[in-house]
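>>> okay, sequence plus prediction incoming.
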Amino acid sequence: MDKDGLRMLVNILQQNKDVPAEVWRTLVSHSGVEERENLASMAREGAVERFGNGMYVRALIEIGSYCRNNCNYCGLRCSNRQAQRYRLAKEEILECCRRAAVLGFNTFVLQGGEDPGQSDEWLADVVAAIRAEFPTKAITLSVGERSLETYSMLRHAGANRYLLRHETADDEHYSFLHPHTMSASNRRMCVLDIKAAGFQTGTGMMIGSPGQTVEHLVQDLLFLDKVKPHMIGIGPFIPAAGTPFANEPHGSVDDTLLLISLLRLRFPKALIPATTALETLCDDGIQRAVLAGANVVMPNLTPYEMRCRYTIYDNKINSGCNSEQGLVALSTKLEEIGYHIDFSRGDY
Ligand code: SAM
Ligand code: SF4
């Protein structure tokens, strides 16, 4: 593809019209090293124009590793006997929020498995307690599939944002990645329910999950176009011990970066994180994601002793920002590439 050809395709992404599947297909399957570099630089310019050189930070609190689901790729799946389980109590979660607030964070992200021991009502009570103590902070949830009523209850309790990746928009591929008790249609309905409940809504997919093809990615991009999410989380698949996909190869870092750039070009206002999975696969994963168009980092504020039990995949990086030092390290990484931490809430 020459530069003009690439620019023409990017112009189509930037129009306010549906992007034809063929355009996505060409960009995903025909972008070589040079095209990827050009796409990253266009995406980066767009992000800097809108957000400056600041990277929004969110304090990630992994509230528990129990899960009733059995996703074939995830180390927390219920049938994984190797998984170590924990569940944070309300007061422990509040303590994490307090620590995050002292460090300057303005968004708390509560993520965890679908744990019947942390019921919808319990969760709403925790959210309400955080909201009461921190009236101006943003609260993000990432706790899986719930009913529309529950999403509404959590929204009313004071949560502002909800992340639920659709994982893959292709029904057959979804069935390959999940047990028969879960369905792509329900997952997609949950994403729409989250939006209907009034949340800033995040969705996304793994890159390079077992069985994923270019056509699946094209469907993912078309799905994202339909949902128009406020946040888009994508990261490479990484195998997890004790799962059916333990011996599968991990997803490609370069493909993940390409997708970040394409998403930034298509969704200029979206909040797109540099994910831990990317950082796990390469030391400069955060920096490369930023330079490809990401604008959010989610340092881990989970109590250190628990972090090693939240093993959704192998060798998950354990670095975080429990201390001033952790933030300084992140800040140095960003400064090396001309960026800095932005502590503001960074709403959509
Ligand atoms: N249980 C909630 C859910 O499924 O939405 C939130 C926690 S779940 C661990 C968060 C995300 O982790 C999932 O949406 C999935 O995309 C990602 N994930 C799980 N296993 C993974 C793996 N082996 N490699 C990369 N990402 C993985
Ligand atoms: Fe549970 Fe989420 Fe892991 Fe699936 S991806 S097993 S729902 S924690």
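That came through, no problem. Ligands and ions are numbered 1, 2, ... in the order given.

>>> how about the residue of the stretch 101-250 of the chain found nearest ligand 2, nearest residue that isn't a chain neighbour?
Relative to ligand 2, the nearest point of the stretch 101-250 of the chain is residue 113 (3.8 Å; C-beta to the nearest ligand atom). For the C-beta atoms, the positions are set from N, CA and C on the backbone; glycine is no exception. Among residues not flanking residue 113 along the chain, residue 67 sits closest, at 2.8 Å (C-beta to C-beta, 6 or more residues apart in numbering).

>>> report how many residues lie close to the one you found.
23 (other C-beta atoms under 10 Å).

>>> what's it in contact with, if anything?
If you count contacts by C-beta atoms under 8 Å, 6 or more residues apart in numbering, residue 67 has them with 74, 76, 77, 78, 112, 113, 114, 115, 144.

>>> which helix or strand contains residue 139?
strand 138-142 (DSSP states H and E).

>>> which helices and strands sit right next to the helix or strand following that strand?
Next in sequence after strand 138-142, counting helices and strands by DSSP H and E, comes helix 148-157. Under the contact criterion of 3 or more C-beta pairs under 8 Å, 6 or more residues apart in numbering; DSSP states H and E, helix 148-157 touches helix 120-133, helix 184-196.

>>> contacts for whatever helix or strand comes next after helix 148-157 next, please.
Next helix or strand after helix 148-157 toward the C-terminus (DSSP H and E): strand 161-163. Contact with strand 161-163 is made by 107, 109, 111, 138-142, 151, 154, 194, 197, 199-204, 230-231, 233, as judged by C-beta under 8 Å, 6+ apart.

>>> circling back to that earlier point, which single one of the contacts of residue 67 is nearest to residue 52?
Nearest to residue 52 among those: residue 112, at 32.5 Å, using C-beta to C-beta.

>>> can you show me the strands along the chain?
Counting by DSSP state E, one finds strands in the chain at the ranges 54-57, 59-64, 107-112, 138-142, 161-163, 200-203, 206-207, 231-232, 235-236, 273-274, 296-297, 340-342.

>>> what's the pLDDT at residue 319?
pLDDT, residue 319: 65.

>>> what does the stretch 201-348 of the chain put close to ligand 2?
residue 312 (C-beta under 6 Å from any ligand atom).

>>> low-confidence stretches in the stretch 201-348 of the chain?
For the stretch 201-348 of the chain, the stretches flagged by pLDDT under 70 are 319-322.
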